[in-house]
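J.: sequence first, predicted model second:
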Amino acid sequence: MDQWGGYLIRELGPGRQVFIDGRFDLYDYAGVLTDYGRIATAMPNTPRLLEKYSVRTCLVKRGDVLI
């Protein structure tokens with residue numbers, strides 16, 4: 001998922017909010033990186049975490065565990 005954030009920012013403009021992108025140091029400092037890891041590995045609390053961050057859409061590769 002992190003590779004899509006930079007793409008979306010570049011294509012849609014910096015005004016578009018993304019959950020995470022390649023700037024992991026910023027997300028780690030804010031405590032988001034741990035939750036991202038839980039979401040990316042489809043932990044049981046993934047739906048709650050997506051709701052917590054108001055994530056409405058996920059771009060994932062075919063065969064990704066989130067599918």
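T.: Looks like it came in fine.
J.: point out where the chain drops to low pLDDT.
T.: 1-2, 26-27 (pLDDT under 70).
J.: CA-only coordinates of the lengthiest helix in it in CSV, if you can.
T.: Taking DSSP state H as the assignment, the helix of the chain that covers the most residues is helix 2-12. C-alpha atoms of helix 2-12 as CSV (Å, rounded to 0.1, in the frame of the first residue of the first chain):
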residue,chain,number,x,y,z
ASP,A,2,2.8,2.4,0.8
GLN,A,3,3.9,2.6,-2.9
TRP,A,4,0.5,3.9,-3.9
GLY,A,5,0.6,6.9,-1.6
GLY,A,6,3.4,8.6,-3.5
TYR,A,7,1.8,7.8,-6.8
LEU,A,8,-1.6,9.3,-5.7
ILE,A,9,0.1,12.5,-4.3
ARG,A,10,1.9,12.9,-7.6
GLU,A,11,-1.1,12.3,-9.9
LEU,A,12,-3.9,13.9,-7.8
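J.: okay, buried residues for it please.
T.: Neighbour-count burial for helix 2-12 flags Asp2, Trp4, Gly5, Leu8, Ile9 (criterion: 16 or more other C-beta atoms under 10 Å). Yep, even glycine has a C-beta here, placed from its N, CA and C like the rest.
J.: of the residues you listed, closest to Ala40?
T.: Nearest to Ala40 out of the buried residues of helix 2-12 is Asp2 (C-beta to C-beta; 8.1 Å).
J.: just the helices in this protein please.
T.: 2-12, 24-30, 32-40, 46-52.
J.: dump those helices to JSON lines, plus distance to Val18.
T.: Below are those laid out as JSON lines (distance: least, C-beta to C-beta, whole Å):
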{"stretch": "helix 2-12", "distance to Val18": "4"}
{"stretch": "helix 24-30", "distance to Val18": "11"}
{"stretch": "helix 32-40", "distance to Val18": "11"}
{"stretch": "helix 46-52", "distance to Val18": "14"}
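J.: related to what we said a few turns ago, in a markdown table, list the buried residues of helix 2-12 along with distance to Glu51.
T.: Below are the buried residues of helix 2-12 laid out as a markdown table (distance: C-beta to C-beta, whole Å):
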| residue | distance to Glu51 |
| --- | --- |
| Asp2 | 20 |
| Trp4 | 20 |
| Gly5 | 19 |
| Leu8 | 20 |
| Ile9 | 23 |
